[in-house]
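Colleague: Have a look; sequence and predicted model below, questions after that.
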Amino acid sequence: NAEAAISGFLMLQSLLKSPPRDIYWGYMTTRAQALKIPYETAEDLVLVRLACLSRLQDASGYKALRGSWDVLGGFQKDVLIH
């Protein structure tokens, strides 16, 4: 969890230079890289956000999250993606 906190602090350093959206997605990208999970598609980004909200720390946590995601129906996924 220290790694996530440090990453957050590094993002906060750019507060005066970057718009909030860039800071937020920069943090999400950093967390995805730390967890070694994909972050290219809209679906990937939803999973990154859910991983952060769930405070996932490793690949096994992501695997469980991904398994839950895979059982959702198309409508539920669309709601979360859009």
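Modeller: Yep, that arrived.

Colleague: Give the helix, strand or coil label for the most centrally placed residue in the chain.
Modeller: Geometric centre of the chain, nearest residue: residue 48, 2.3 Å, by CA atoms, centre = their mean. Here residue 48 is helix, with the state taken from DSSP: H, G, I helix; E, B strand; the rest coil.

Colleague: try residue 15
Modeller: What three-state DSSP gives for residue 15 is coil.

Colleague: okay, now it: neighbour count?
Modeller: 10 (other CB atoms under 10 Å). All C-beta spots, glycine's among them, are computed from the backbone N, C-alpha and C.

Colleague: which helix in this structure runs the most residues?
Modeller: In the chain, taking DSSP state H as the definition, the longest helix is helix 20-35.

Colleague: Sticking with residue 18, tell me its helix or strand.
Modeller: According to DSSP states H and E, residue 18 maps onto no helix or strand at all.

Colleague: Grab the nearest non-local neighbour of residue 62.
Modeller: residue 37 (5.2 Å; CB to CB, 6 or more residues apart in numbering).

Colleague: And for residue 7?
Modeller: residue 30 (4.6 Å).
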